[in-house]
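> sequence first, predicted coordinates after that:
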Amino acid sequence: MKGKKETVKQLLNSTEYDRTVNIKGWVRTKRGNNTIAFAAINDGSVIHNLQVVIDVQKFDEDLLKNITTGSCINVTGKLVQSLGKGQTVELQAENIELYGTADPETYPLQKKGHSLEFLREIAHLRPRTNTFGAVLRIRHTLAFAIHKYFNDNGFYYLHTPIITGSDCEGAGEMFRVTTLDLKNLPVDDKGTIDYSGDFFGKETNLTVSGQLEGELGAMALSKIYTFGPTFRAENSNTPRHLAEFWMIEPEVAFYDINDNMDLAEDFLKYLISYVLDNCKDDLEFLQNMYDKELIDRLKFINSNNFERITYTRAIEILEQSGQQFEFPVHWGSDLQTEHERYLVEKYFKKPVIVTDYPMAIKAFYMKQNDDGRTVRGMDVLFPKIGEIIGGSQREENFNKLMQRINELKLPQKDLWWYLDTRKYGSAPHSGFGLGFERLVLFVTGMGNIRDVIPFPRTPKNAEF
C-alpha cells in the first residue's frame, strides 16, 4: 500500500475521498487519549495543517511517544471527509514512519505564542511557524510576479555585478572586498593602502545598486531590469534598514519621467493584484494576527490613481499643514517618513508620486531641469511605510553629467565606462529602484524589515 505522495495543500483541496495517499511533513501539535490521537501535520505548502487520525491500538507505543511537536513523519493512509470542525478532510493513518524526532524539552517552537524578537534569535527554525511560512510564501509569490511582469512586458533580465569598483549613490557606505593581509596592509609613500596587489588590482566593494550597469544594458536592449542583492554598510539599527537586501531596478531607453511614473504605478498595482489573487489564506492569517487593515490597504492601492505632485508643492502642503513634525520642513530639505506619510495618509488619502526634487539632495545621474535648481527625480510614497520606490529620468547629456560629477568631486576614472554611453549614441532614458524587502513589508503588514527576509543582516548581526 504505497499511496500517491501529495502536499498538504493538494490534500486539503481534494474532493477525492476514501483513497490511499501519502504525506510527509512536520508535526505542529499532537493530542489524544488512550484509544485515538490527532496529529496536525504541515509541509510548508499552505498555512493550514492536515489532521492525521491515529488509532493508538494499531501502532507501537514507542513510535507514538516520539511523534511530538517538531518531529518529522511520513504517513500513508486513507483520505476521508472530516466530521470535525475546521477541516473538510483528514487522513486516517495506516502506516507511519518517523523521520526525525524533536525533544519536547529542548525544541523551542512548542505550541504557544512566541515573540518576533525571540524568533529572530532562532531564524533557522522560524520558517516552521505560521507567521514565517506565510511571509516566505508571499515573498516567493512577489518574486515570481516581478519576473512575470517584466517578461510579459518585453523586458530583459540583466545580471549586474555584485563586486564593483564604483559607488552608484556616492554615499561611501560600502562593504570592502579584499584578499589583502589585514595584519600587514601594503601602503604607498603617502600612507594610503596600495590595492595594486589585491585580487582585482584596485579597490572594490559590494554593490549598493545595479543601476549604472543597468543603464548600459538599456542602451542596447532598450528595456531591462535587475533583481539581485545589494549591500549598504549603514550603521542603522531601525525596523526599516538592512545591510543586505534585494533590489529591483528597471531601466528603459526612450522613457521620460512621465513614462517612468506610469511604469512604477502599473508595476506596483500588478504585484499587489497578483498577491491578492494567489496568497489569500496567508494574507488573511497575517491580517488576523498582525494588521487588521492589511487586505483593505492592499485593495486601496489598486483602486486609486497615484497622485502626482512636485516636491515644491509637497513642501507647500507640509508647511501649511499646521502639523508639528519631528523634522522641520523647508525647501531644500529631504522628505522624511513622517512627511511622506502625512501626504499619503492625511492629505491626499492615496498613494503619491513626488517629482522634481532639489538637485542638491539627489544623485549625480538625475536629469537636470531647465530651472537649474531641480532634477527629474521621483519617489513613490505608500501608506504606513513612506517611500517604496525611488527613481528618475537619467541625465543623458555628457556635458551636464560631467559638470555634476566635477561639482561633487566624484572620481572620473571609475566612471569612464558610464560616461562613454553619453558619448556614443546617447538617448533619453529612465529607471527606478524598488527595495524588495520594503515591498514585502508592505504586502505582509509586518512591522519590522528583519521579519520579511529569511536571515537578516544588520549591524553586529550576521548569524546563520
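Great, that's in hand.
> how about the helices in the stretch 201-350 of the chain?
211-221, 257-278, 280-289, 294-302, 311-319, 337-341 (DSSP state H, counting those that start in this stretch).
> what's the fourth one in contact with?
Here helix 294-302 makes contact (CB atoms under 8 Å, 6 or more residues apart in numbering) with 268-269, 272-273, 275-276, 283-284, 286-287, 291, 350-351, 382-384, 443-445. Heads up, the C-betas are built off the backbone N, CA and C, glycines and all.
> which parts of the longest strand seen in the chain are buried?
Using DSSP state E, we find that the single longest strand of the chain is strand 19-32. Neighbour counts using 16 or more other CB atoms under 10 Å place Thr20, Val21, Asn22, Ile23, Lys24, Gly25, Trp26, Val27, Arg28, Lys30 of strand 19-32 among the buried residues.
> isn't the last one up against Lys65?
No. Using CB atoms under 8 Å, Lys30 and Lys65 do not qualify as a contacting pair, with a distance of 10.2 Å.
> in terms of pLDDT, where does Phe464 sit?
The model reports Phe464 with a pLDDT of 92.
> what of Thr35?
So, for Thr35, pLDDT stands at 95.
> right, and it touches Gln57 too?
Yes. Taking CB under 8 Å as the definition, Thr35 is a contact partner of Gln57 at 6.9 Å.
> so Pro104 sits in a strand?
No. Counting by DSSP: H, G, I helix; E, B strand; the rest coil, Pro104 is not part of a strand but coil.
> tally up the residues packed near it, please.
12 (other CB atoms under 10 Å).
> how close does the nearest residue to it once chain neighbours are set aside sit to Thr101?
The shortest distance from Pro104 to any non-neighbouring residue, by CB to CB, 6 or more residues apart in numbering, is to Thr68 (5.0 Å). In this view, Thr68 and Thr101 are 7 Å apart by CB to CB, to the nearest Å.
> domains of the protein?
8-100, 128-172+208-451 (automatic domain parsing).
> let me see the contact set for Asn33.
Val56.
> may I have the phi/psi pair for it?
For Asn33, the backbone dihedrals (degrees, to the nearest 10) come out as phi -140, psi -160.
> for the helix or strand of the chain with the lowest mean pLDDT, which strands pair with it and how are they oriented?
Least confident helix or strand, the chain: strand 4-5 with a mean of 80, by mean pLDDT, DSSP states H and E. The strands beside strand 4-5 in its sheet (DSSP bridges) come out as strand 19-32 (parallel).
> gap between the partner strand and the chain center?
Mean-position distance between strand 19-32 and its chain equals 32 Å (CA atoms, centre = their mean, to the nearest Å).
> list the buried residues in the following helix or strand past that strand.
Using DSSP states H and E, the helix or strand that follows strand 19-32 towards the C-terminus is strand 36-42. In terms of neighbour count (16+ other CB under 10 Å), strand 36-42 has its buried residues at Ala37, Ala39, Ala40, Ile41, Asn42.
> noted, bye for now.
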